[in-house]
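J.: what's the 3D shape of this:
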Amino acid sequence: MMNRLSATLLYTGGMLLLLLSTIFVGQSIYYQFQLSMYSHNIQYNKAKVLYNMAMLNRLEKGKQMKTNIGTIKYEGDSYQVYLTSQQKYIFYVSKNSSSASE
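T.: Predicted coordinates:
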């Protein structure tokens, strides 16, 4: 009787430990994904800031502007943004309006 109770307690404890570790790993993966998405958003917003600066300063075709967060180059139909984190973003400019999209 004592061995059966001992085995049941050991089995229950192991299953509880497995359940808790699964929940912990799931949360860790979720938070890692969130962190990755926030990092991507920050980099995109930095590129968008550079694009807006170039638009406001009316950067000429073929010219580039350097800042501490990256470099932006105007190619006529697009603005190419090179961040210091080695990421590249391209914002295309429509001919009819001053709006742009990635």
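J.: Show me the shaky parts of this structure.
T.: 95-102 (pLDDT under 70).
J.: Quick check, central residue of the chain?
T.: Ranked by distance to the mean C-alpha position of the chain (C-alpha atoms, centre = their mean), the top residue is H40 at 1.5 Å.
J.: you'd agree that one is in a helix?
T.: Yes - assessed by DSSP: H, G, I helix; E, B strand; the rest coil, H40 belongs to a helix.
J.: residue boundaries of the helices in the protein?
T.: 2-56 (DSSP state H).
J.: do you know how far L9 is from K73?
T.: 68 Å (C-beta to C-beta, to the nearest Å). Where you see a C-beta, it was placed from the backbone N, CA and C, and this is true even at glycine.
J.: Compare those two (neighbour count), which wins?
T.: K73 (18 against 10; other C-beta atoms under 10 Å).
J.: What's the separation between the residue nearest to the centre of the chain and G62?
T.: Using C-beta to C-beta, we find H40 at a distance of 30 Å from G62.
J.: and if you look at S78?
T.: In terms of C-beta to C-beta, S78 sits 12 Å off from G62.
J.: Between those two, point out the one with more neighbours.
T.: The neighbour count for S78 versus G62, taken as other C-beta under 10 Å, is higher for S78 (13 against 9).
J.: burial of the closest residue in space to the more buried one that isn't next to it in sequence, as a residue count?
T.: Excluding its sequence neighbours, the residue lying closest to S78 (C-beta to C-beta, 6 or more residues apart in numbering) is Y92, at 4.8 Å. Neighbours of Y92 under the rule other C-beta under 10 Å: 12.
J.: if I read this right, Y92 contacts Y74, doesn't it?
T.: No - using C-beta atoms under 8 Å, Y92 is not in contact with Y74, being 11.7 Å away.
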